[in-house]
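Engineer: Could you work out the structure for the sequence below:
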Amino acid sequence: MIVQSNPGVSYVILGKNRFTGNVPTHLCKLRSMKILDLSNNNFSGVLPNCLGSLIHLRVVDLTNNTIRGDVPNSLGSISFLRSLHLSNNKFEGNLPVALQNLISLVTFDLGNNLLTGKIPYWIGKKLSKLKILSLQSNKFMGKIPLELCEINALQHLNLANNNITGTVPHCFYYGIGMINSSYGGNKTVSTDIIYYNSTGYEENIVTYIKGNQLKYTKSIRFLISLELSSNKLIGEIPDVLMKLVALKNLNLSKNLLSGQIPTTIGNLKQMKSLDMSANKFSGQIPSSLASLNFLNYLNISLNNLSGPIPIGNQLQSLGDPSTIYKGNNELCGPSLLRSCEKDNLLDAHASKDEGKDGSQGCTWFYAGIISGFFTGLTGLVGSLHFIRILRPRNSSNLESASSNLNKLKDMYGDLTTDKDGAPDSRAPSGLKRSFPLGDSSWR
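Structural biologist: The predicted structure is shown next:
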């Protein structure tokens with residue numbers, strides 16, 4: 001119908017309707033078409049290869065349909081194409097190498113599909129004019145290709161929710177679009193993105209920021225964002241990442257990243273949304289985080305952070321601290337109602353130790369008393385029993401000695417004393433010395 005009524009039409013903008021069925025092949029007869037917008041409909045089936053013959057196309061937007069199958073190789077023939085939106089469909093398989101011929105692409109949006117394989121290196125090698133690259137929510141695997149760092153104009157990179165492994169590339173530092181805040185907002189450069197506004201079509205991109213899905217249209221030139229969340233990235237955050245001073249959104253959540261948060265994070269002065277939750281970060285939160293005056297969303301929950309939370313006017317106004325810092329049990333500070341005073345902590349530990357030592361002291365004290373009591377009692381009983389045994393034996397010895405003395409006395413009594421009882425001089429001197437009968441020691 002469109003072809004018959006106006007075969008020279010340049011703009012087919014049919015978004016936000018209820019069209020169903022396959023994408024009509026008769027659209028391929030509109031040789032002068034520059035914009036094809038079939039977004040937000042119910043188109044299904046596979047994409048016709050004949051679209052590749054529309055060499056004057058600048059925009060193809062098929063967002064939010066249920067188109068399936070492979071991305072056609074023929075799209076690589078549209079060399080003047082600047083904006084390709086295939087997000088929220090059911091495209092599958094690997095990206096065709098033929099797409100490397102789209103050297104004029106500024107926006108490449110393939111998010112929320114079933115695409116597989118590695119992220120193609122040729123995206124960085126060939127598509128040097130890209131500003132928006134969105135590959136989130138697919139099934140891409142492998143490492144982030146270092147060639148992506150060669151896209152100097154890139155200001156929004158979204159690789160979230162894939163199966164990407166490896167580390168965060170150090171070479172991201174070369175992303176001029178994320179370093180110079182005036183680069184993305186420059187009126188001359190930004191016309192590549194919003195050029196089609198006068199036709200009724202408005203360039204757009206949908207992304208998650210601050211935990212919410214947001215759609216950028218007129219403000220897309222100010223979207224300077226790096227999203228790598230929900231992957232399997234490991235290692236530490238490269239310090240050079242803190243040189244992307246124009247970044248307004250950084251999302252590294254739900255990975256396996258470790259180490260400390262870089263102390264130079266305060267360099268990201270334009271940062272508005274920062275999400276590092278659900279990783280393995282440790283150590284203290286850098287005090288420089290409090291200097292991010294434009295920050296209005298922060299989530300560093302579910303890590304292993306410790307120490308005091310930095311104090312700053314902006315940090316205190318970000319929302320519920322129990323959500324922002326959740327799962328970091330060693331963090332402390334007024335916002336968590338958990339004291340960081342070392343003296344108090346030491347006193348608390350000392351009290352615990354004293355209590356433990358005191359209870360142990362009492363236990364040993366009473367144990368000593370009981371032990372001493374039983375030892376003394378045993379000694380007393382033993383002594384009494386010993387005396388009882390010796391007593392009869394000593395008595396019999398004394399009786400025997402006394403009997404012997406009496407016999408000696410009877411034998412020598414007349415020799416040692418005279419009739420008056422005085423010592424007798426006739427008695428042998430040995431008897432006088434040896435038997436002093438008057439000595440009390442014999443009694």
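Engineer: now the helices for this structure?
Structural biologist: Under the criterion DSSP state H, helices of the chain are mapped to 2-5, 122-126, 176-179, 181-185, 187-194, 321-324, 342-416, 429-434.
Engineer: Pull out the CA atoms of stretch 257-276 and give them to me as PDB.
Structural biologist: Output of stretch 257-276 as PDB, limited to C-alpha atoms (Å, rounded to 0.1, in the frame of the first residue of the first chain):
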ATOM      1  CA  LEU A 257      35.800  -8.500  41.100                       C
ATOM      2  CA  SER A 258      38.100  -8.300  44.100                       C
ATOM      3  CA  GLY A 259      40.800  -6.100  45.700                       C
ATOM      4  CA  GLN A 260      40.200  -2.600  46.900                       C
ATOM      5  CA  ILE A 261      38.200   0.200  45.500                       C
ATOM      6  CA  PRO A 262      40.800   2.600  43.900                       C
ATOM      7  CA  THR A 263      41.600   5.500  46.100                       C
ATOM      8  CA  THR A 264      41.400   7.800  43.000                       C
ATOM      9  CA  ILE A 265      37.700   7.100  42.500                       C
ATOM     10  CA  GLY A 266      37.200  10.700  43.600                       C
ATOM     11  CA  ASN A 267      38.600  11.700  40.200                       C
ATOM     12  CA  LEU A 268      35.200  10.800  38.600                       C
ATOM     13  CA  LYS A 269      33.700  14.200  39.400                       C
ATOM     14  CA  GLN A 270      30.800  13.800  36.900                       C
ATOM     15  CA  MET A 271      29.600  10.500  38.400                       C
ATOM     16  CA  LYS A 272      25.900  10.300  39.100                       C
ATOM     17  CA  SER A 273      25.300   6.600  39.500                       C
ATOM     18  CA  LEU A 274      27.900   4.100  40.900                       C
ATOM     19  CA  ASP A 275      27.100   0.500  41.400                       C
ATOM     20  CA  MET A 276      29.800  -2.000  42.600                       C
END
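Engineer: shaky segments in the stretch 301-443 of the chain?
Structural biologist: 342-443 (pLDDT under 70).
Engineer: ok, 80 please
Structural biologist: Along the stretch 301-443 of the chain, segments meeting pLDDT under 80 span 313, 341-443.
Engineer: ditto for the stretch 1-150 of the chain
Structural biologist: For the stretch 1-150 of the chain, the ranges with pLDDT under 80 are 1-7.
Engineer: repeat that for 50
Structural biologist: Scanning the stretch 1-150 of the chain for pLDDT under 50 picks out 1.
Engineer: Show me the strands in it, by range?
Structural biologist: Secondary structure of the stretch 1-150 of the chain by DSSP state E, counting those that start in this stretch: the strands cover 11-13, 20-22, 35-37, 42-44, 59-61, 68-69, 83-85, 90-93, 107-109, 114-118, 132-134, 139-143.
Engineer: helices and strands around the second one, which ones?
Structural biologist: This means strand 20-22. If you count contacts as 3 or more CB pairs under 8 Å, 6 or more residues apart in numbering; DSSP states H and E, strand 20-22 packs onto strand 42-44. (Glycine included, C-beta is placed from N, CA and C.)
Engineer: what does the fifth one give?
Structural biologist: Identification of packing neighbours for strand 59-61 by 3+ CB pairs under 8 Å, 6+ apart yields strand 35-37, strand 83-85.
Engineer: Comparing those, which comes out most buried?
Structural biologist: Greatest average neighbour count among those goes to strand 83-85 (a mean of 24), per mean count of other CB atoms under 10 Å.
Engineer: Can you read off the pLDDT for N296?
Structural biologist: Looking at N296, its pLDDT reads 93.
Engineer: Sorry, slip of the keys, the one I care about is N180.
Structural biologist: pLDDT, read off for N180, is 75.
Engineer: ok, the closest residue to it other than its chain neighbours to V46 distance?
Structural biologist: Closest residue in space to N180, ignoring its immediate chain neighbours: A246 at 6.0 Å, by CB to CB, 6 or more residues apart in numbering. Look at A246 and V46: by CB to CB, to the nearest Å, they are 40 Å apart.
Engineer: who are the neighbours in contact with the spatially closest residue to Y174 that is not a sequence neighbour?
Structural biologist: Distances taken as CB to CB, 6+ apart place C149 nearest to Y174, at 5.0 Å, with adjacent residues excluded. Contacts for C149 (CB atoms under 8 Å, 6 or more residues apart in numbering) come out as 124, 169, 171-175.
Engineer: The residue nearest to N180: neighbour count?
Structural biologist: Neighbourhood size, A246 [other CB atoms under 10 Å]: 23.
Engineer: and it, how far is that from Q155?
Structural biologist: For A246 relative to Q155 (CB to CB), the value is 8 Å.
Engineer: related to what we said a few turns ago, any idea which of the strands of the stretch 1-150 of the chain gets closest to S301?
Structural biologist: strand 132-134 (25.6 Å; CB to CB).
Engineer: name the helices or strands packed onto that closest one?
Structural biologist: Against strand 132-134 (3+ CB pairs under 8 Å, 6+ apart) you get strand 107-109, strand 156-158, strand 205-209.
Engineer: so what strands line up beside the last one?
Structural biologist: According to DSSP bridges, the neighbouring strands of strand 205-209, each with its direction, are strand 212-216 (antiparallel).
Engineer: hmm, who's touching the partner strand?
Structural biologist: If you take CB under 8 Å, 6+ apart as the criterion, strand 212-216 is touched by 204-208, 223.
Engineer: Reformat the strands of the stretch 1-150 of the chain as TSV; add distance to L274.
Structural biologist: Formatted as TSV, the strands of the stretch 1-150 of the chain follow (distance: least, CB to CB, whole Å):
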stretch	distance to L274
strand 11-13	37
strand 20-22	42
strand 35-37	34
strand 42-44	38
strand 59-61	31
strand 68-69	37
strand 83-85	28
strand 90-93	32
strand 107-109	24
strand 114-118	28
strand 132-134	20
strand 139-143	24
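Engineer: Looking at these, spot the one closest to N293.
Structural biologist: Closest among the strands of the stretch 1-150 of the chain, using CB to CB: strand 132-134, at 27.0 Å.
Engineer: Correct me if wrong: the residue nearest to N180 contacts I179.
Structural biologist: Yes - at 5.6 Å, A246 counts as touching I179 under the criterion of CB atoms under 8 Å.
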